[in-house]
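Chemist: Next come a sequence and a model predicted from it.
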Amino acid sequence: MRQLDNRFNVSRQRGISLLGLVFWAFMVCVIGWVLIRSFPTVNEYYTIKRAVQKIAQTKPTTVSQVRDAFDKQKEIEYSIVSISGKDLDVTKENDQLVIRFAYDKEIVLFPPVYLLLKYEGVGAE
């Protein structure tokens, strides 16, 4: 009789409950939703960074040349929509041209919940 009680002992069972399964499924869905919604902005950031690096390597001499080159690159790269040439901060440090950019991207997850991503980057010769 003692062996029969040990086989049906609930405390020895292992696994996940239905409530636990629903919780983890919900968490995976929320994380997946945030990643899906934020991926295009991350892609845009790397496209902007590549464009700024490409412009810096051409060694333009004036600020207007940098901004015009970025606007031309923006026409080619369809994914750049957040900034334009006028948003670039162009400086010269140690005889080297430095192009900085920074912008915020607001993503609607579901109203009234938004995700704010702040991007910034630097391009140098």
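Modeler: Looks like it arrived, so ask away.

Chemist: which residues does Lys92 contact?
Modeler: Shown in contact with Lys92 (CB atoms under 8 Å, 6 or more residues apart in numbering): Val98. (C-beta placed from N, C-alpha, C; glycine too.)

Chemist: One more: Glu106?
Modeler: Contacts for Glu106 (CB under 8 Å, 6+ apart) come out as 114-117.

Chemist: That one sits in which helix or strand?
Modeler: For Glu106, the enclosing helix or strand under DSSP states H and E is strand 96-110.

Chemist: who does the helix or strand that that strand is followed by pair up with?
Modeler: Using DSSP H and E, the next helix or strand after strand 96-110 towards the C-terminus is strand 113-124. Strand 113-124 pairs in its sheet with strand 96-110 (antiparallel), by DSSP bridges.

Chemist: Flag every buried residue along the partner strand.
Modeler: Under the neighbour-count criterion of 16 or more other CB atoms under 10 Å, strand 96-110 has 97-99, 101, 103, 105 buried.

Chemist: Next: stretch 52-63.
Modeler: Within stretch 52-63, the residues that qualify as buried by neighbour count (16+ other CB under 10 Å) are 52, 55-56, 60, 63.

Chemist: want to throw these into JSON lines with pLDDT and distance to Asp71?
Modeler: Below are the buried residues of stretch 52-63 laid out as JSON lines (pLDDT from 0 to 100; distance: CB to CB, whole Å):
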{"residue": "Val52", "pLDDT": "93", "distance to Asp71": "12"}
{"residue": "Ile55", "pLDDT": "92", "distance to Asp71": "10"}
{"residue": "Ala56", "pLDDT": "89", "distance to Asp71": "15"}
{"residue": "Pro60", "pLDDT": "86", "distance to Asp71": "13"}
{"residue": "Val63", "pLDDT": "88", "distance to Asp71": "13"}
